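1. pasted the sequence and its predicted model underneath.
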Amino acid sequence: MDEFKKRYDGLVIGGGIAGMQAALDLAEQDYEVLLIEKDPSIGGVMIGLNKVFPTLDCSSCICTPRMAESVHHKNIKIQAYSEVTSIRRHDPGFKVTVRKKPRYVIEDKCIGCSQCELECPVDVPHEFDHGLGARRAIYIPHGNAIPQVATLDVDHCTFCGRCAKVCPTQCVDYTQEAEDVEVDVGAVIVTTGLNITPMDAKKEYGGGHLINVMNPLAMEAIQASNGPFGRPLRPSDGKVPRTIAYVQCAGSRDHTIGIPYCSRVCCMYALKQALLLRHYLHDVEITLYHMDIRAFGKGYEQFYRRVMNEGVNIVKGKVAKITEVENQDLLLRVERLDEGGRLEERRYDLVVLSQGLVPAWQGKGVLDIELGDDGFFKSISPKISPVLTSAEGIFVAGVAAGPKDIPDAIVEAGAAAMEAAIHLEGIGYREQVLTASQS
Amino acid sequence: MNDAQINQTTAESLSAAQNPKVREKRPIDILRERHGGMSPEMKEYYKEQTRIKQLLKEALARGAKTVPELARECGLEPSVTMWNLMAMRRYGKVVEEELRGEYYAYRLKEVK
Ligand SMILES: Cc1cc2nc3c(=O)[nH]c(=O)nc-3n(C[C@H](O)[C@H](O)[C@H](O)COP(=O)(O)OP(=O)(O)OC[C@H]3O[C@@H](n4cnc5c(N)ncnc54)[C@H](O)[C@@H]3O)c2cc1C
C-alpha cells in the first residue's frame, strides 16, 4: 500500500457507492483524493445487496467494478479500516487526523489467500451477513472485498498464534498498533451513508428478540447464493419458508420512534425481495402489508405492477403486533385498512421488517456542520445545490444527506465532486499550497 | 513461595537475561498481554462452540440430518444447531444434501 502523502486536494469520508463515485469524479479531473472507510473493505451497503431494483441486476456486478476502479485510480488513495478523528480548519483548507486501526496484518504482504482464516479455530457472527453466518477471528470480509487482505478481530482471538504460522508470506504482525496520520486537504466530501432503524425500536414487533423476524439487509444476505445459508432458509431451524410477511414502514413514518420521515427505498426493496423470493422458493406465499406504496423512480411503478402480477399479495393493512407462537412461527395481528379496519390474525414462517434508513454517522466531535431535523447532514441549499453544508469547503452526498436510492446517491456524488472542484479552484488551493511550500 | 521455588525462579530469570532466545517475547504473547488475554466470556464462548461442533460432527458421522433432527439428537436449541452447522458449511466441513419435506439434510464432507 502506498504511503500517505502530506496533502490531498479532496478528502472523501465513507467508501460506499456515493463515496467511490465522488472520489472517481474528482480524480478524473486530476485532483488527488484520499478516501477513508471505517470498515475493512469499501463498498458500503451496496456490496451486501443481492440484486437491485427495478432492473434486478446483480448488485455486486455493478459495485465491484467501481470498487476496483477506485482502488486502481492513480489519483485516489483508499485507506480502509480507518477513521477520521479530527478535522480542523487550516487555511486554505483543513488539517485532518486519520486513525489507522491495526489489522495485525501487513497489507502490502497479504495475498488474500485465506490460509489464516481457514486455520483459525473460532467462528464469530459475521457482520457482513448480519450475524446469520460465521467468519473467523482472522478473516477476509467477503469474496469481493477491497482491499483483499485479512483483518484480525482481537476481541475474538484465542491467541493461539496459528494464523502467523500458516501464513505463506509472513504478513501477520501481532505487534501492530493504531496509528495517527495527519494530512492537509482542500475540500471534504461526507458520504457516510446509512444504518437501518435498530431492530429493538419497536417493542410490538418483538423488539429484536424474535429470531424469525428479520431485518431487510439480513434478507438480502440470505437471498444471495453465496450467502450464509446458500439459499433463503429460516434462521431458527433451517426450514424452507412457505409463508412470508413484509411489514412496511416498520421503522419510518413513525413519530413514536422519532423517525417521522419516509425512508423512500423501503417499498421498492421490499417489492424486489418479495419478487425474488417468489422466484427462489417454490409455492411460497408472500404478503406485503403497507400504508401506501411509494414507487417514485423511473420504471418503479411498472416494477410494482410486475410484482403484483407475479403473485405477491399486496395488502393495505397496519401490523399492530407480532408474537412468537409454537415452532417459533409468527402471529401477526393486522388492521385491514382495505376492509374498514377489520382485525385479523395470520400466521407466518418468517417476517421481514421494512426498516427505515438512519444516518450512519453524525460527525460528533469531528465535523462541525449542521444536522437537519431528521438527523442527516443538512443541506443549506436543498433546491439549488443539495450537496452544500453549513461549512464552506465541506460537501455531503448519498444517504449521509438523507434517504435515497443508488441512482440518486450516484448523481448527488457527482454534484458534490463538482462543487468540491469549484471550491478548490475558487480558493486556489493548489497554488496556495505550492506558494506556501516554496516560501 | 518456598526457598527452593525462589531459587529456581531466580535461576530462570538469570538464564533468561543471559539467553536472548528465552528473554525475547513472542509477538503473539505481546498481543495477548496488551489485550489482557481472552476474556472470561470469550473463554466460555470458545469452549461451548468447540463442544457443539464436536456433537454435530459425531451426529453427522452417523448419517445426513436436518437441523431439527440434529438438534434433537444433540440436545441443542435448533437455532444454535443451525448457526453452528452453517458455520461448518461455510468452512467446507458440511455439505447440503436433499430436501426432506420442509428441511434440507446436511452431511459431513468427505475428506479425500
Ligand atoms: C435492505 C435495503 C435494500 C436496498 N436495495 C436497493 C436497491 O435494490 N436499489 C437501490 O437503488 N437502492 C437500494 N437500497 C438503498 C441503497 O442501499 C443506498 O441508496 C446506497 O447504499 C447509498 O449509498 P451511500 O454510499 O450513500 O451509503 P452507504 O452504502 O451506507 O455507504 C457509506 C459508507 O461509509 C462508511 N462510513 C460510515 N461512517 C463512516 C465514518 N465515520 N468514517 C468512515 N467511513 C464511514 C460505511 O462503512 C460505508 O462503507 C437499499 C437499502 C436497503 C437498506
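-> Yes, it's here.
2. pick out the residue nearest the middle of chain A.
-> The centre of chain A sits closest to A:Val45, judged by C-alpha atoms, centre = their mean, with a distance of 2.6 Å.
3. how near is that one to the ligand?
-> According to C-beta to the nearest ligand atom, to the nearest Å, A:Val45 stands 3 Å off from the ligand. Backbone N, C-alpha and C define where each C-beta goes, glycine included.
4. surely that residue is in contact with A:Gly14?
-> No: the criterion here is C-beta atoms under 8 Å, and A:Val45 misses it with A:Gly14 at 10.8 Å.
5. anything in contact with each of those two?
-> Contact criterion C-beta atoms under 8 Å, 6 or more residues apart in numbering or on different chains; residues shared by A:Val45 and A:Gly14: A:Gly193.
6. contacting residues around A:Lys202?
-> Applying C-beta under 8 Å, 6+ apart, we find A:Lys202 in contact with A:250-251, A:254, A:257, A:353.
7. mind listing what the residue with the shortest distance to the centre of chain B touches?
-> Taking C-alpha atoms, centre = their mean as the criterion, B:Thr50 is the residue nearest the geometric centre of chain B, at 4.2 Å. For B:Thr50, the contact set (C-beta under 8 Å, 6+ apart) comprises A:Pro121.
8. how about the residue nearest to A:Phe53 when sequence neighbours are not counted, secondary structure?
-> Spatially, and ignoring its direct neighbours in sequence, A:Phe53 is nearest to A:Lys272 (4.1 Å; C-beta to C-beta, 6 or more residues apart in numbering or on different chains). At A:Lys272, secondary structure determined by DSSP: H, G, I helix; E, B strand; the rest coil is helix.
9. what pLDDT does A:Lys272 get?
-> Looking at A:Lys272, its pLDDT stands at 98.
10. for the residue nearest to the centre of chain A, grab phi and psi.
-> Main-chain torsions, A:Val45, degrees, to the nearest 10: phi -70, psi -40.
11. tell me how many other residues crowd the residue of the stretch 151-300 of chain A found nearest the ligand.
-> For the stretch 151-300 of chain A, the residue closest to the ligand is A:Gly193, as judged by C-beta to the nearest ligand atom, at 2.1 Å. Around A:Gly193 there are 24 other residues, counting by other C-beta atoms under 10 Å in any protein chain shown.
12. got it, and A:Arg103?
-> By the measure other C-beta under 10 Å, the count of residues near A:Arg103 is 22.
13. and A:Ser59, by the same measure?
-> Neighbourhood size, A:Ser59 [other C-beta under 10 Å]: 21.
14. quick one: the closest residue in space to it that isn't next to it in sequence from chain B, how far?
-> The shortest distance from A:Ser59 to any non-neighbouring residue, by C-beta to C-beta, 6+ apart, is to A:Leu49 (3.8 Å). According to C-beta to the nearest C-beta, to the nearest Å, A:Leu49 and chain B sit 20 Å apart.
15. tell me how many other residues crowd A:Leu49.
-> 25.
16. please apply the same query to A:Arg305.
-> Neighbours of A:Arg305 (other C-beta under 10 Å): 11.
17. next one: A:Lys101
-> A:Lys101 is flanked by 16 other residues according to other C-beta under 10 Å.
18. nearest spatial neighbour of it, skipping sequence neighbours?
-> A:Tyr81 (5.0 Å).
19. which positions in the stretch 201-350 of chain A make contact with the ligand?
-> Residues of the stretch 201-350 of chain A lying close to the ligand by C-beta under 6 Å from any ligand atom are A:216-217, A:220, A:265, A:269, A:272.
20. change it to 8 Å
-> Contacts of the stretch 201-350 of chain A with the ligand, taken as C-beta under 8 Å from any ligand atom, map to A:215-217, A:219-220, A:265-266, A:268-269, A:272-273, A:297.
21. list the buried residues of the longest helix along chain B.
-> Counting residues, the longest helix in chain B under DSSP state H turns out to be helix B:40-61. Buried positions in helix B:40-61, judged by neighbour count with 16 or more other C-beta atoms under 10 Å in any protein chain shown: B:42, B:45-46, B:49, B:52-53, B:55-56, B:59-60.
22. what about stretch A:398-405 and the ligand, any contact?
-> Yes: counting by C-beta under 8 Å from any ligand atom, the ligand is contacted by stretch A:398-405 at A:398-400, A:403-405.
23. so the closest residue to the ligand within chain B, which state does it fall into?
-> Of chain B, the residue with the smallest distance to the ligand, taken as C-beta to the nearest ligand atom, is B:Met86 at 20.8 Å. Following three-state DSSP, the label given to B:Met86 is helix.
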